[in-house]
Structures are given as structure tokens and as C-alpha cells.
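Student: Provided below are the primary sequence and the corresponding predicted coordinates.
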Amino acid sequence: MSEEELSTKEKIIQAAFSLLKTQGYNSISLSRIAKEVSISKTAIYRHFKNKDDLDLAIRERIASEVLVHLKEVDALYKEKKYDECLVSVLRFMKLHPEYVNYSLFSTPDVGEDQKLYQFHDAGISFAKNFYDENHNIINHRLYNQGLFVIVTIIDFVLSWFGLCCKCGAPYSQTEQLTAFNISYADFEVQVIKLIKNGLFDGLAEGEVIQYENSFAAMDTLCLDSMKALPPLDKKLVALANVVHKVGFPNVTVEALANELGMVKSSLYTWFSDKKEMLKSLISPEINMMISTILDNMEKVEGLGNKLYVLLRTETLYFVTRKKMLSACKWIQIYGNFEHEGFENVVSPEFSKKVNEAIGKLIVSKTKTSFPCFDLNLLMGWIFSFPVFLVVNALHHKFTENEMHSALRSLYYMIAGGLNLEENMNKNGGNR
């Protein structure tokens, strides 16, 4: 359909999608959309009651088009063409950065289960393998594998968008990034290889933790470290309560002041604006978590042990300090659009120490197998798993044993991919 044949309503929707390629919906004004369409802001109200009404139309359009694509993926899945499934999803997400950005950065949830429920209810078979008709998990092993695959795809597609952004290249149309000497085809191959074989490219079972006593000693170490953490800052608790009530995009200094029973002006003695307020409250907590992880990693030897201790400590941190999960949404939003991601919330000193403690070991093991992936990308990928795990575990009311088992599965998959996790499961190593 030519541009002349598009209705004004459709032009408004497409203009919103065009802007969504580089920013979240909450950052887009109706005036900006109207400018893109060359109409007045008032004209938008002839087609949509308000911005929420347009938001609903966008959501419905994305859900419809994603479902059409997933039905194609599902046909491949039923034929056990798993590599083709991954390729199809990776290419679809690259072609539609606006769908990715809207889904991740314009919605309040860190986890992805609400979207999976929609696919389950629409009859997508791989989602039906996860849940019963009431959306309760029926197969934890498959669910954990699904979580691993979904988080990996999301993280690495976003990293491709980030590389394109640095080069000033359009996300969906770029196939080759000369500045980084990589093509999307190579990048795609390496993501699939990572999913199948893990960080260490088919790591042998003998190189990871297999035995209950090894896990138990490190679990005790990590659990004990939680006892030394101080209570959460009352301002951070208030921030989490405000986020729960109004959603992150609608947080204001005034709303936080009201939650604390203070006048707005008193908060401005500490923070100059909303962004400084959020970073000032969140950064010390994240740095304390990193410090605890570093302390625990120093007490174990070997890359496999250090990786497990990192994952276990971070998971316990978010389990015991659930209010901090809201902070991860802020990091997610600003990391994508305002370049205030995880690496900028963590102090340079701690970033350096993490790289020294485990980052350089990982890179030395992976530089041949995964030349497209740098240290920041790999560490960001590892650190994202406990967040997604805890969010979804709380949502599904995992028992302590179910949470622990899920973490071990993720550990095996990060280290050795789906192939290793399958072998460990068959041999009883993932109990």
C-alpha cells in the first residue's frame, strides 16, 4: 500500500512505530507523532481518544503480528527444527526493533510471562509445554530452558541494536558493521552456538559443579553473606512502593515525597531532578550487591565455582531485597535509551574488580568461540539471569527447592548450553 493510500489513523500508528525504534512509548508525545504525520495534535483525537487509546492500538497490532510470526516458528518447532526456530526469531526481532523496544521498555514488568500466556492461550505449542490452562508451570525443566533461550535472545538482539546505534546505522536494515568487523549473519550464528553450547562451547561435565557437597558449601557461603546486609534505605523502599502504584515512567519527586510524608522541596536538597534521584538511590545498593559478590568469589577457586557463586549471590540478594527489582527496570529503561545502563550504575572500581575476578577468565575462554561478543556484553548477559529468575519465581510462587533447582539449571546452561543441561539432567547432576 502506497503512502497516499494509507488512512490517517494508520499513518499515526506507523509514525508511533517509527519513533519506537529508538525510544520508549512513554517518551513519545502526541505532538511529536503529529509532526511525523504532518497533522495537528488535535487531529489525532479524531482517531484516538487519548494517548492510552493509541497505546492500546499499538499493543494489539504488535500482539497480532507477533502471533502470526510465532505460528510460523511453531510449525518449525513441531518438526524439531530448533535451529531454524532460533534463526527465525532472531531475524524477526532484528527487523522489528520497535516491537522489541515497546515490549521491553514501555511496559512495567521485567519478566516476560504475561506475553507467554497470550501465546499459550493462542495455541502455540512450545508455550503450552510450559503451562496448564491456568498458567501454572507444568514442566519446570522446559520452563527453565525457555527462560534461558528468551533472556539470551533478548540480551543479544539488544546488543546488536546498541552496536548499530554506535555506528549510526539503522537497526533493521543493517547486515554488516564494518567498524566492528561483524555481520548479523555471523552474530546470529554465534548466538545460536551460545544457546546450544554455552559460554565455554560444549564444556565437559567434569568442568562444572556436579556434586551436592560442592553446591552445599557455596550455598552456605552465599546465604551467610546476606546476613551482613543492612536494611534498605527508607527512600528506596518508598520509591519501590511508588513504582508499584503508578509504574516507573510516572514516578516523580513529588510522588516520592508524598510516600515519605515529606514536602517536595525537602527532596530537592538531596536530588536536582528525577534522574539524579533514581540513580542516587539505586547505585549504592547495586554497588553493595557487587561488593558482596566479589567477596564471595574471592573465597572459591576455579571459573565454574566463581560463576556459580556470582549467580547464587545475586539471586539471594534479589530474593531478600525484592524492592530492588524495580531498580532493574530503571536500569533496563535508561540503559537502552539514555546510556545509563548497568555498567554506569556500578562504580568503576567495582567494574574493574569484577573483570579481574571473573570477566577476564571468561573472555580468555570465549574469545575464539565468540569473537563477536565483548566483555561488557557477556557480563551483562550473565548478570541478567538472576533478575529474570527471581521475578518469574515470585510470580509463580516457586518453593525454595524449585528456585534453587532453576538456578542450577541456568548455571549449567550458561556454562555449557542446552546440550550440557540436558546431559546433566539425564545423569542426575541437576537435582
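Tutor: Perfect, thanks for sending it.

Student: contacts only, for residue 148.
Tutor: Each residue near residue 148 by C-beta atoms under 8 Å, 6 or more residues apart in numbering is listed here: 195, 385, 409-410, 413-414, 418, 421. C-betas here are computed from N, CA, C, even on glycine.

Student: need the residues you listed in a markdown table (columns: distance to residue 42, secondary structure and neighbour count).
Tutor: Rendered in a markdown table, the data for the contacts of residue 148 read as follows (distance: C-beta to C-beta, whole Å; DSSP: H, G, I helix; E, B strand; the rest coil; neighbours: other C-beta atoms under 10 Å):
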| residue | distance to residue 42 | secondary structure | neighbour count |
| --- | --- | --- | --- |
| 195 | 49 | helix | 21 |
| 385 | 47 | helix | 24 |
| 409 | 54 | helix | 22 |
| 410 | 51 | helix | 23 |
| 413 | 53 | helix | 29 |
| 414 | 52 | helix | 27 |
| 418 | 53 | helix | 17 |
| 421 | 56 | helix | 25 |
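
Student: and of those, the nearest to residue 225?
Tutor: Proximity of those to residue 225 (C-beta to C-beta) peaks at residue 385, which lies at 18.8 Å.

Student: that closest one touches residue 311, doesn't it?
Tutor: Yes: the pair residue 385 and residue 311 qualifies as a contact (C-beta atoms under 8 Å) at a distance of 6.6 Å.

Student: what touches both of those two?
Tutor: Here residue 385 and residue 311 share the contacting residues 410, 414, scored by C-beta under 8 Å, 6+ apart.

Student: packing partners for the helix or strand residue 266 falls within?
Tutor: Assigned by DSSP states H and E, residue 266 belongs to helix 264-267. Applying 3 or more C-beta pairs under 8 Å, 6 or more residues apart in numbering; DSSP states H and E, one finds that helix 264-267 contacts helix 253-260.

Student: can I get the helix it packs on as PDB, trimmed to CA atoms?
Tutor: Extracted as PDB, the C-alpha positions of helix 253-260 are listed here (Å, rounded to 0.1, in the frame of the first residue of the first chain):
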ATOM      1  CA  VAL A 253      10.000  13.600  43.000                       C
ATOM      2  CA  GLU A 254       6.700  14.800  44.300                       C
ATOM      3  CA  ALA A 255       5.200  11.300  44.400                       C
ATOM      4  CA  LEU A 256       8.200  10.000  46.400                       C
ATOM      5  CA  ALA A 257       7.900  12.900  48.800                       C
ATOM      6  CA  ASN A 258       4.300  12.100  49.400                       C
ATOM      7  CA  GLU A 259       5.100   8.500  50.100                       C
ATOM      8  CA  LEU A 260       7.700   9.600  52.600                       C
END
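
Student: give me the contacts around it.
Tutor: Contact partners of helix 253-260, identified using C-beta under 8 Å, 6+ apart, comprise 234-235, 238-239, 241-242, 246, 263-264, 266-268, 271, 273-274, 277.

Student: for the helix or strand harbouring residue 143, buried residues please.
Tutor: Secondary structure assignment for residue 143, by DSSP H and E: helix 140-167. Residues 143-164 are the ones in helix 140-167 that count as buried (16 or more other C-beta atoms under 10 Å).

Student: and after that helix, which helix or strand comes next?
Tutor: As assigned by DSSP H and E, the chain's next helix or strand after helix 140-167 is strand 176-177.

Student: residues in contact with that next one?
Tutor: So strand 176-177 is contacted by 163-164, 167, 169, 182-184 (C-beta under 8 Å, 6+ apart).

Student: pairing partners for it, with directions?
Tutor: Sheet pairing for strand 176-177, assigned by DSSP bridges, gives strand 182-183 (antiparallel).

Student: next up, phi/psi of residue 402, please.
Tutor: Phi and psi for residue 402, reported as degrees, to the nearest 10, are phi -70, psi -40.

Student: which ones are touching it?
Tutor: Residue 402 touches 140, 393, counting by C-beta under 8 Å, 6+ apart.

Student: switch to 10 Å and redo it
Tutor: Going by C-beta atoms under 10 Å, 6 or more residues apart in numbering, residue 402 touches 137, 140, 143-144, 393, 396.

Student: for the record, mean pLDDT for the helix holding residue 266?
Tutor: For helix 264-267, mean pLDDT is 78.

Student: run through who's touching that helix.
Tutor: Helix 264-267 has contacts (C-beta under 10 Å, 6+ apart) with 235, 252-258, 260, 277.

Student: ok, 8 Å please
Tutor: Applying C-beta under 8 Å, 6+ apart, the contact partners of helix 264-267 are 253-254, 256-257, 260, 277.

Student: in that helix, what's buried?
Tutor: Within helix 264-267, the residues scored as buried using 16+ other C-beta under 10 Å are residue 267.

Student: run the angle between the helix or strand just after that helix and helix 253-260 for me.
Tutor: Toward the C-terminal end, the helix or strand that comes next after helix 264-267 (DSSP H and E) is helix 274-297. Per axes from the mean of the first three to the mean of the last three C-alpha atoms, to 10 degrees, the angle that helix 274-297 makes with helix 253-260 is 60 degrees.

Student: same question for helix 274-297, mean pLDDT?
Tutor: Helix 274-297 comes out with an average pLDDT of 86.

Student: what helices and strands are in contact with that helix?
Tutor: For helix 274-297, the elements it packs on are helix 212-226, helix 234-246, helix 253-260, helix 303-320, helix 325-337, helix 342-345, helix 348-354, judged by 3+ C-beta pairs under 8 Å, 6+ apart.

Student: of these, which is nearest residue 29?
Tutor: Residue 29 lies closest, by C-beta to C-beta, to one member of those: helix 325-337, at 14.8 Å.
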